[in-house]
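Student: my questions concern the predicted model and sequence given below.
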Amino acid sequence: DAGVTQSPTHLIKTRGQQVTLRCSPKSGHDTVSWYQQALGQGPQFIFQYYEEEERQRGNFPDRFSGHQFPNYSSELNVNALLLGDSALYLCASSLAATQYFGPGTRLLVL
Amino acid sequence: AQSVTQLDSQVPVFEEAPVELRCNYSSSVSVYLFWYVQYPNQGLQLLLKYLSGSTLVESINGFEAEFNKSQTSFHLRKPSVHISDTAEYFCAVSEETSGSRLTFGEGTQLTVNP
């Protein structure tokens, strides 16, 4: 049984550009959550998708947006990248209370 | 809203010694509690969780944690650590609602020395 997968593993962008990160949940999971982990810090909740709608949102600007597809996979989009957006972006999937994380996408903004 | 405090940012120990990583939380509602482990350049792996029932929960690799509601704590313990336990450990809390967001502490770096 494949776990949560994310792509790409690494990404380098320049300020002002846009980026799309992708996540495939564990088989049978219908909820996808996204987190941002800056270097040396704990993950911060960005938003959560369920039934193709944003169900919860953390304290992130509108530059961060997402989407969930009918097969439950999800995308995270970040527009107008800032240097401070450099981080590890983690996707987690769940069916109930427990969230299982993917390996993450490391984004570097130059 | 919830918050999590991990009281030690770094914990160095010798191999085969016991260890305790401390976690306290704050919440106005009932919560679920989790410990995740992160190895260098990897994602988070679920170590153990408390959802309901026995307040003492165990992992398959010898870690245990006890939910103490009166002290709002969920400390992680292992009686004898191995070099391979070296990693960053995160305590997390969510509202007692299916699918609620996780709030994480800042992490504790456990370093096991030979």
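Tutor: That came through fine.

Student: need the CA coordinates for stretch A:59-67. PDB is fine.
Tutor: Only the C-alpha atoms of stretch A:59-67 are listed here, as PDB (Å, rounded to 0.1, in the frame of the first residue of the first chain):
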ATOM      1  CA  ASN A  59      -3.100  32.100   8.900                       C
ATOM      2  CA  PHE A  60      -1.700  32.200   5.400                       C
ATOM      3  CA  PRO A  61      -2.300  34.900   2.800                       C
ATOM      4  CA  ASP A  62      -4.400  34.500  -0.300                       C
ATOM      5  CA  ARG A  63      -1.300  33.900  -2.400                       C
ATOM      6  CA  PHE A  64      -1.600  30.400  -1.100                       C
ATOM      7  CA  SER A  65      -4.400  28.500  -2.800                       C
ATOM      8  CA  GLY A  66      -5.200  24.900  -3.400                       C
ATOM      9  CA  HIS A  67      -7.400  22.400  -5.100                       C
END
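
Student: run through who's touching that stretch.
Tutor: Contacts to stretch A:59-67, defined as Cβ atoms under 8 Å, 6 or more residues apart in numbering or on different chains, come from residues A:34, A:36, A:44, A:46-47, A:49, A:52, A:54, A:74-80. C-beta here means a position set from N, CA and C on the backbone, and glycine is covered the same way.

Student: name the nearest of these relative to chain B.
Tutor: When those are compared for distance to chain B (Cβ to the nearest Cβ), A:Gln44 wins out at 7.6 Å.

Student: burial of that closest one, as a residue count?
Tutor: 19 (other Cβ atoms under 10 Å in any protein chain shown).

Student: beta partners of the closest residue to it other than its chain neighbours?
Tutor: With sequence-adjacent residues excluded and distances taken as Cβ to Cβ, 6 or more residues apart in numbering or on different chains, A:Gln44 is closest to A:Gln36, at 5.1 Å. Note on A:Gln36: beta-bridge partners by DSSP bridges are A:Gln44, A:Tyr89.

Student: give me the number of residues near A:Gln36?
Tutor: Counted with other Cβ under 10 Å, residues neighbouring A:Gln36 total 21.

Student: hey, which helix or strand in chain A has the poorest pLDDT?
Tutor: Among the helices and strands of chain A, strand A:53-57 carries the lowest confidence by mean pLDDT, DSSP states H and E, at a mean of 94.

Student: to the chain's geometric centre, what's the distance from that one?
Tutor: What separates the centre of strand A:53-57 from the centre of its chain is 13 Å, taken as Cα atoms, centre = their mean, to the nearest Å.

Student: just checking, next helix/strand downstream of it?
Tutor: Downstream of strand A:53-57, the next assigned helix or strand under DSSP states H and E is strand A:64-68.

Student: what lines up beside that next one in the sheet?
Tutor: Neighbouring strands of strand A:64-68 in its sheet, by DSSP bridges, are strand A:74-78 (antiparallel).

Student: could you list the buried residues of the partner strand?
Tutor: Neighbour counts using 16 or more other Cβ atoms under 10 Å in any protein chain shown place A:Ser74, A:Glu75, A:Leu76, A:Val78 of strand A:74-78 among the buried residues.

Student: the third one contacts A:Leu21, doesn't it?
Tutor: Think A:Leu76. Yes - at 4.5 Å, A:Leu76 counts as touching A:Leu21 under the criterion of Cβ atoms under 8 Å.
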